[in-house]
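Novice: Turn this into a structure:
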Amino acid sequence: MTDCLFCKIAAGDLPAYKLYEDAHILAFLDLHPIRKGHALVIPKAHHVWFEDLPEDLATHITSCAQKIARAMKRLYPVERVSMFYTGIHVPHAHAHVVPMFHMHDVTSAAYLRDGADQFSTPPKLAESEMMQIAQDLKNNL
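Specialist: Sure, this is the predicted structure:
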């Protein structure tokens, strides 16, 4: 893909602070980090959505993210490292690996109802609704 930012980085056409690279994936620092050390792991091949990744490639990305997470725990005073896919800003599947210095470093607004230094539990859905959602998802797997 010629206009994809991450494809350009993977091809070496744009610079990156590389952490790991092999024939299939590349890990590098996020230029707009949530926290110091925030990294991205991308497939070199263009895939827009994480659910479109071949299973072996998704597993390879996760394994790399785990190695980065272990390194982060050795370097930074953190108990947790988060790994998640978003695809909000760049339409190329990418995993974020973020050392969590604060409980809300990578949280949803739903958890902030009681303020930034608290962790609010979102309202529970009705059992019937939970059962229906679970059944719908199971039926579509």
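Novice: all strands for the chain, in order.
Specialist: 18-21, 25-29, 39-43, 80-85, 95-100 (DSSP state E).
Novice: what comes into contact with the second one?
Specialist: Outside strand 25-29, the residues that touch it by Cβ atoms under 8 Å, 6 or more residues apart in numbering are 9-10, 16-21, 37-44, 57, 60-61, 64-65, 68, 97. C-betas here are computed from N, CA, C, even on glycine.
Novice: Scan the protein for its longest helix.
Specialist: Ranked by residue count and defined by DSSP state H, the top helix of the chain is helix 55-75.
Novice: Poorly predicted segments of the chain, please.
Specialist: For the chain, applying pLDDT under 70 flags the ranges 1, 110-111, 122.
Novice: Return the residues in contact with the residue nearest to the spatial centre of the chain.
Specialist: Nearest residue to the geometric centre of the chain (Cα atoms, centre = their mean): F84, 2.4 Å. F84 sits next to A95, H96, V98, V106 when contact means Cβ under 8 Å, 6+ apart.
Novice: now Q66
Specialist: By Cβ under 8 Å, 6+ apart, the neighbours of Q66 are M83.
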